[in-house]
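Engineer: starting from these lines, generate the structure:
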Amino acid sequence: MNSPVAIRRAGRRSGNSGTREAILAAARGQFIATGFRGTTIRSVAKAAGVDPALVLHFFRTKDGLFVEAVRLPINPATPLREALERAPDSAGPALVEFLLEAWDSEDTNRTMLAIVRSAMTEEVASKMVREQIVGAVAQVLAACGIDQPEYRAALVATQMAGIVLGRYVVAIHALVEADRSEILAAFGPTIQRYLTGALHQEAGT
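Structural biologist: From the prediction side, this is the model:
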């Protein structure tokens, strides 16, 4: 029978970056394949060949493990900032183009699908989307001196979410079959208005 000391040592190989990376790799694969709810600390530990106590030692909770393992592979802040500085009137289509290119990449698609699906039910994933996508857009708009940055970013997010859900998650046939130019023409002007246009219309106009 193992002594308490032996058990403690087996679960606390602190400083072993190779072990930590093995746990992250196993977790990343499971979160992407089976989602947040389908992944457990025990299943990740088994895949990584470690004791579950070691997973908790490094990451404390499953939420903490998710945040470390499944990082957002896209950041809209850079292309949005560049578009607003270069040609502000085309920032909306540029943002749509960025979104389509990211989601049409197989590796990015798999990771983002896992995050989006988890965000429907798990606060840790929805918080990641709010802070790292919606928050990033709001920060760029504020830095560019555009009014109501948080509200505009929220409106932009509704359109981007619509594209993602319709084309990549639910796979609505008409959106899946539409080419990029059609998606750009349909969504670009609306996102452009949300980014830089007037958000309120006077009554009677």
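Engineer: ok, now which ones touch the residue nearest to residue 36 when sequence neighbours are not counted?
Structural biologist: Distances taken as CB to CB, 6 or more residues apart in numbering place residue 118 nearest to residue 36, at 4.1 Å, with adjacent residues excluded. For glycine as for every other residue, the C-beta is placed from the backbone atoms N, C-alpha and C. By CB atoms under 8 Å, 6 or more residues apart in numbering, the contact set of residue 118 is 31, 35-37, 66, 124-125.
Engineer: repeat the analysis, applying 10 Å as the threshold.
Structural biologist: Listed by CB atoms under 10 Å, 6 or more residues apart in numbering, the contact partners of residue 118 are 31, 35-39, 66, 70, 124-126, 128-129.
Engineer: just residue 184 next, same as before
Structural biologist: 92-94, 96-97, 100, 178, 191.
Engineer: now residue 99
Structural biologist: Counted by CB under 10 Å, 6+ apart, residue 99 has contacts 74, 76, 79, 112, 159-160, 163-164, 167-168, 183, 187, 191.
Engineer: distance check, it against residue 76.
Structural biologist: Separation of residue 99 from residue 76 (CB to CB, to the nearest Å) stands at 8 Å.
Engineer: out of the contacts of residue 184, flag the one nearest to residue 137.
Structural biologist: residue 191 (10.2 Å; CB to CB).
Engineer: from residue 54, how far off is the residue positioned nearest the centre of the chain?
Structural biologist: Residue closest to the mean C-alpha point of the chain, counted by CA atoms, centre = their mean, is residue 72 at 4.2 Å. Relative to residue 54, residue 72 is positioned 26 Å away (CB to CB).
Engineer: repeat that for residue 90.
Structural biologist: 50 Å.
Engineer: higher neighbour count, these two?
Structural biologist: The residue with more neighbours, out of residue 90 and residue 54, is residue 54; 21 against 14, by other CB atoms under 10 Å.
Engineer: what ranges of this structure fall below the confidence cut-off?
Structural biologist: Where the chain drops to pLDDT under 70, the residues are 1-17, 201-205.
Engineer: quick one, helices of it?
Structural biologist: 4-10, 17-34, 41-48, 52-59, 62-69, 77-86, 91-103, 106-119, 123-129, 135-143, 149-163, 173-177, 180-196 (DSSP state H).
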